[in-house]
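Trainee: What would the 3D arrangement of this be:
(chains A, B, C, D and E)
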Amino acid sequence: MSVSDLSALNAQRATPGARVREVHDSFHGDLLEVSMGPHHPSTHGVFRMIVTLDGETIVKLKPVFGYLHRNHEKLGETVTYLGSMPYTDRLDYLSSMTNNWAYALAVEKLAGQAVPERAEYVRVILAELTRLLNHTCLAGFLMQDCGCSGTPLMYAFREREYILDLFESLSGSRMMCNYQRFGGCRVDPSADWLAGAQKLTDRYGTFLDEFETLLTGNEIIMARTQGVGKLSPELAISAGVTGPMLRATGVNYDLRKVDAYGVYPRFDFRVPLGDHGDVYDRYMIRVLEMRESIKILQQALAGLPAGPIMDPKAKLRSFRPKAGEAYGRIEGPKGEIGFYLLSDGSPNPYRYRIRPPSFINLTVLEDMCLGHTVADAVIILGSVDIVLGEVDR
Amino acid sequence: MLGTGLLQGLGVTAKNFVGSFHDPARLTTIEYPEVKTKLPEAYRNFPFLVTENATDPMGTLRCVACQICEKECPPQCIYIEKSKDKKPDATGKPQLFPAVFAIDTSVCMSCQICVEVCPFEAIKMDQVYEIATTDRFSALLLNREQLAKSNAYYHEIHPTEAAEVDARLAAERKAAEEKAAAAAAAKAAAAAAKASPVAKPPLTA
Amino acid sequence: MFKRDSEDCPLSQEVTPPPPAVTEAERDELRRQGILLTSLQELYTWGNSHSVWPLNFGLACCAIEMIAASMAKFDIARFGSEVFRPSPRQADLLIVSGTVTKKMAPQVIRLWNQMPEPKYCIAMGACAISGGPFKQGYNVLKGIDRFIPVDIYIPGCPPRPEALLHGLVQLQKKIQGFKLTGPDAPRHLRDDQPCNCPVPEFGEHDLEPPANPEVWTAPPAIVRKD
Amino acid sequence: MTLSGPLTFLLQLPLASAAGAADAFLERLPLVARDWVTSWLPEPWRWLVNSLLSIAVILSVFGLLFAYVTLAERKILGRIQNRPGPNRTPIPFTKLRFFGLAQPFADGVKSLTKEDVVPRGADHLLHFLAPVVLLAFSILTFAVIPYGRHLVPVELNAGVLYFFAAGAATELAVFMAGWASRNKYSLLAAMRALAQLISYELPLLLAWVPVVLVAGSLSTTEIVAAQAGWQFNVIPHWHVFTPWGAAGFAIFMIAALAESNRSPFDLPEAESELIAGHLTEYSGFKYALFFMAEYFGMIALSGMAITLFLGGWHAPSPYVEFIPSYVWFMGKLSALLLGFIWIRATFPRLRMDQLTRFAWKFLVPLALINLGNAAFWSLSFHWSGPFQILRWLISVLVVVGPFVLLGRKLSAGVAPRVYRYAV
Amino acid sequence: MESPEQIRDRLLARFPGAEISVVTNPGIAAQHSLLLGAAHARAIAEFLRDDPTLKLDQCSNVTGIDWPEKEIVETKNISTPDPANPAAPPKVVEQKTKRLQPGFLEVVYHLYSITHRHGPVIFRLRTGNRTDQATVPSLTPVWRSCEFQEREVFDLFGVTFVGHPDLRRILMWDEFKDHPMRRDYVEPDDYEWEPTPHGAVLEKAKAHYPTPPAPAAVAPVKGAVA
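Mentor: Residues are numbered from 1 along each chain as shown, chains lettered A, B, ... in the order given. Alright, predicted model coming up:
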């Protein structure tokens, strides 16, 4: 590929995004095509980008997917509704609780299943813990991409272990919780567990303070991330970007407020918004969201009502919803995670579709990376917060 | 001023470095092979079959080979063959038992759905995780003999849950006994009634 | 049919003769040399077993637990293995941590071929062993051992980080049992064992070929009735 | 050859320690040991054996230091990250763990026995030469550093110049490695390395010119000698305790971080961007050589920083002078290496353009101003009384003023942000 | 928000002659959808996006659904009055008609409005059949978020999106020929050692091992792959 192809390349680009400076002189040589991934230390798994470079500046970036395409949707058609629940754990394997919830919500919509109040509260507690976990780990991974020698990631994983201990003692598994059921949750959290959650919630702010001292004010991180990978709100909306990435561009759209699912309307929390839509904003929005999550957790733990955890009418075996379709979505840590289910009245769904937030957020990856360097592409990808299990499904 | 953020960062790492020598919250490592994490009661890894009695594991399996778990298992890693004959279970009722019960742990996803759907409390989750092996085929396919573990072991790993299960089973057993006793009494009464010429003949032959 | 990836270590296509059996005389000779050889052997296995550098390579869910194993709570560094090398050229251990899809399999095999001997492979988690819960998927490889030799299998979905550490200890034990000569020698010290695995090609419906018969042998079939 | 030589030496030992600090027994111990060994040999061979012995000692001491710096790095990094680091590797043939002190040797044995892979398309000769050249030049720099009062391997008039000339040659080796590997990542890394090393060569050189200006010599021993003595028996006369010296030391250390490819300037081997950079295609012992050379470079630059700014082997206080000078040198060296490790554990990496901008727009102007500052300092050496205070004030101002102004310019547009909330 | 019927009526007024109908959802969720004809789909999509009261600026989800052709057996009771005896009750004949419902592929779009915070509005596009007319107009120029999702539907279902800027396979490799999410997709037979077979896998197992080998006499099968 030669330099003169650049203008053609820019012309081809269908959507408005960053355009690359066109140079037509003999000083700039040929373009270099580098395949980053599927084995690359900072593609967060097996993602692959084919990057065309002018020097170190990216003039073209094509993501290649499918290296972790595990056929979730096909398998979802061959197992029962209940059988798909453990598979949802393995979608976004950092936040299995919210995947569970999104799937349970879609099935409950499909079958008209009611959920007891206590279960709704427990779901909120677990979803917010998951949000803490996911955002903390993301900040660690992002800093790893920035070139920290593991220290922020270690601190993030130290805290992750505390949250995982909670998940494990409640659901029995560290990552693959398989905890929520249609019409409630599987086990009732004990008083000890709730005390543990309370202790963690009280302590988490202190950890965040220390974490932010290490990272947020760091001049190198600010220099690396501010003004890098800018995303305009118009493009973000058109490209279906959701979650913290959308809010970093300044669009006020949080499904917890918009859809008001579960018992979220009962809690008092704010939605942080960014103004620049760059990597730093995406990182900071997540940090600020964690602080709001702590507030939600405090309120949910204080207001947890007594009562059953499962709807007594809920069926576990031989669950056959009426024919019809339903789309249910929640605000996962990475964005809008939705499930589209089409039932033909049999025990297995006729069509089981996952709306993966990080896959759709990647639509704008090229637009964000153009004109930046390889080093920036790595942190832009990091700031999108992808988990390949969900991107490729 | 330029550099203050960097110095603060150095302060945080220094605090952790010094803290690792005196503060257990800053040295969180578990020296694994010597020290082991205390597993929570709920922890699950692979399923096992509960037997009433450790001395005769095959004779006292709770499993009646109803094959519900086999059907519900999402990755289809359970294989059961029913026995031809019946054996008396704990209540003395003749039941089928699994002639073959195999779980392929190289496929199992530890989802616990088999435990949830089992109506007989016969399959439970084990907590053994040190099972790395050099042999994929025979070592990872668990058969009936390898899967059977005693109820005492179940009590050891999941004490609260096992106590609940035992209480429930005892209640069911009691109810069944009472029902049986009632049925026997009714039968006796019916027999007595049959004996008396005045009474109507019983409806059931 | 096979695409040769690298000629660093050419794959002997012709049938290689089995290693010559050690004669009694040679055995005696070995015994006489014993002390030097065994101490050399012990030094070699000591160095190799306590400096296992894994490849910084994660595939799926298990990769997170692999990362967790290298983090503060479990700290794989205690075993000298926290040096996760990003380049396969400097790595000793390939931890196949997660589902290997058919699209990914050629790259994994390529990575394996790019690693210098002596190298080891751990199949971590159900998916890497057999395809696990995704076994019936159309894009999922039924176990990485169809293409590359695996030293240790760690079942679990995902295995706890301790289970990975346990697997690593097992691997260290295996390395410590290596002999430098004779039929018990590890793969890279023998001529009859391929050190490069052919990379399959993408076919119209499946990988071609779907398994490497030099590496993978199915056990006797278990035939079920019903 | 008779036995008399060694014996007389041994008899002289207690007498030697009776003299001043310069002749203390421990201070002279390395010399004594060397002379004891060479006294067994005929006269004409002595100079050769003498130099061979110095080489052997330097290589073994610094080889061992390299091994334990890697272990210390892993352990300190671990401690900073709330974990103990390598601690289980036993001593060979035993089961004694001994805090994992054998770990670097296990890595060494492993690296030695590892297969050496040369990619098919690589330039075989250059691929082989690169680590050798790098290591050779790194070792050459050890020749002129004064390790102790009597321990200078080679006395050169222009020792400092020699040091930096030899050090600059390592850039070539890094480029050779990147070019010869025939790998796109390696090539990108080689380009980065060249740009980075050349950019930082300038502030590195400009940072030590004031020292030469003030000390009036290019010889390392004389620079160390110029830093002898204490103000009021408390503050040593080290260059770092002057305003220009402190600034020069800071610039020197930052440039040294970049020259030795350490975080936050480890762009050529940026793991998260370029796999392993120019090392991507190196395996086995060649990789170990690279690794070794980089640590040697780091140690040598720290040694030079000690010589130039931290008073060389001088003790910090007259009351602890009884501790031999080479111990002080090693102590200072360890402290600087600890700093390298600490910085690595904390900071993320800069981007290429920021890295060069930092060198050209921040460090180079600061170093140039600092040169003027040093000139002023040496011209005003006779100021006394209140003028002494004025001298300090001016000098500090000349350091701090440009730092603040240039720093503000450098970090323009980069600041913490305030976020709004939607309720 | 307007109901699908209201939207349909407005659309019909705006685009006379367009094929628009409401597909009712019999389920409890009652998320009804609009079925659009291919001819006006692009214009309608733009209208939905730009209409000030709807302002459906986010296309959240694009789903493919495969409806293979199926045989529908309709039972009709035809009462024929007896011509001979008109007074008698008419003779009821049960007539079964077999009808082959043609198969088609369907693409479902879920739209939301971020500006007005409402949704979802669901609409469907259908292809003519499942083979040569498997095309629908691409809506990527309207909503950027359709770009990868439409590629995914193309890859897995084989729906060709006319007007898509970069229609390539996205999840499977380029050489792959099948469309695995279609309901009649047959996986390549890469049966291996299956100790716990069920259903289709059991059939495969039987096909691979028609006669159960005697456990003792069985030799390791080299790479039991088709």
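Trainee: neighbours around whatever residue of chain D ends up closest to chain E, how many?
Mentor: Closest contact between chain D and chain E, by Cβ to the nearest Cβ, is at D:A422 (11.7 Å). All C-beta spots, glycine's among them, are computed from the backbone N, C-alpha and C. Close neighbours of D:A422, defined as other Cβ atoms under 10 Å in any protein chain shown, add up to 14.
Trainee: Phi and psi next, for it.
Mentor: phi -100, psi 130 (degrees, to the nearest 10).
Trainee: cool, A:F339 as well?
Mentor: phi -130, psi 130.
Trainee: The residue of chain D closest to chain E contacts A:L273, correct?
Mentor: Yes. Using Cβ atoms under 8 Å, D:A422 is in contact with A:L273, at 5.6 Å.
Trainee: Need the residues touching each of these two.
Mentor: A:N252 (Cβ atoms under 8 Å, 6 or more residues apart in numbering or on different chains).
Trainee: which residues does the residue of chain D closest to chain E contact?
Mentor: D:A422 touches A:N252, A:D254, A:R270, A:V271, A:L273, counting by Cβ under 8 Å, 6+ apart.
Trainee: Could you pull out the buried residues of the helix or strand harbouring D:A33?
Mentor: When elements are assigned from DSSP states H and E, D:A33 belongs to helix D:25-38. Across helix D:25-38, burial judged by 16 or more other Cβ atoms under 10 Å in any protein chain shown covers D:E27, D:R28, D:L29, D:P30, D:V32, D:R34, D:D35, D:T38.
Trainee: Of those residues, which ones also sit close to chain C?
Mentor: Checked against chain C using Cβ under 8 Å from any Cβ of the partner chain, the buried residues of helix D:25-38 yield no neighbours at all.
Trainee: ok, now which ones touch residue 158?
Mentor: Let's take chain A. Contacts of A:R158 by Cβ under 8 Å, 6+ apart are B:T28, C:M71, C:A72, C:K73, D:N82.
Trainee: other chain: chain C
Mentor: C:P158 neighbours (Cβ under 8 Å, 6+ apart): A:M175, A:M176, C:C61, C:C62, C:I64, C:E65, C:M124, C:G125.
Trainee: In helices, which of the residues you listed fall?
Mentor: Using DSSP state H, the subset of those located in helices is C:C61, C:C62, C:I64, C:E65, C:G125.
Trainee: Run a quick neighbour tally on the closest residue to the last one other than its chain neighbours.
Mentor: So the one you mean is C:G125. Leaving aside its chain neighbours, C:G125 sits nearest to C:C62 (3.9 Å; criterion: Cβ to Cβ, 6 or more residues apart in numbering or on different chains). For C:C62, the neighbour count with other Cβ under 10 Å is 29.
Trainee: Please apply the same query to the one 10 residues further on.
Mentor: Burial of C:A72 is recorded as 26 neighbouring residues (other Cβ under 10 Å).
Trainee: what helix or strand does it sit in?
Mentor: Short version, using DSSP H and E: C:A72 is in no helix or strand.
Trainee: residue contacts, it?
Mentor: A:M154, A:F157, A:R158, A:E161, B:L27, B:T28, B:T29, D:Q81, D:N82, D:R83.
Trainee: Farthest pair within these?
Mentor: A:F157 and B:L27 (14.4 Å; Cβ to Cβ).
Trainee: who has more neighbours, these two?
Mentor: Using other Cβ under 10 Å as the criterion, A:F157 and B:L27 rank with A:F157 on top: 27 against 19.
Trainee: Now the closest residue to that one other than its chain neighbours: phi and psi?
Mentor: In space, and not counting its chain neighbours, A:F157 is closest to C:M71: 3.9 Å by Cβ to Cβ, 6+ apart. Dihedral pair for C:M71: phi -90, psi 180, per degrees, to the nearest 10.
Trainee: And C:M71, what's its pLDDT?
Mentor: C:M71 carries a pLDDT value of 88.
Trainee: Wait, it touches A:M154, no?
Mentor: Yes. When contacts are counted by Cβ under 8 Å, C:M71 is listed as touching A:M154 (5.6 Å).
Trainee: So for these two, which residues contact both of them?
Mentor: In contact with both C:M71 and A:M154: D:R83, using Cβ under 8 Å, 6+ apart.
Trainee: thinking again about what came up before, reformat the contacts of C:P158 as a markdown table; add pLDDT.
Mentor: Shown next, in a markdown table, are these (pLDDT from 0 to 100):
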| residue | pLDDT |
| --- | --- |
| A:M175 | 88 |
| A:M176 | 89 |
| C:C61 | 86 |
| C:C62 | 89 |
| C:I64 | 89 |
| C:E65 | 90 |
| C:M124 | 91 |
| C:G125 | 89 |
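Trainee: Run the chain-centre distance for the strand or helix carrying B:Q146.
Mentor: For B:Q146, the host element (DSSP H and E) is helix B:144-147. Offset of helix B:144-147 from its chain centre (Cα atoms, centre = their mean, to the nearest Å): 13 Å.
Trainee: what does it rub up against?
Mentor: For helix B:144-147, using Cβ under 8 Å, 6+ apart, the contacting residues are B:P47, B:F48, B:L49, B:P57, B:M58, B:L61, B:P98, B:V100, B:F101, B:A102, B:I103.
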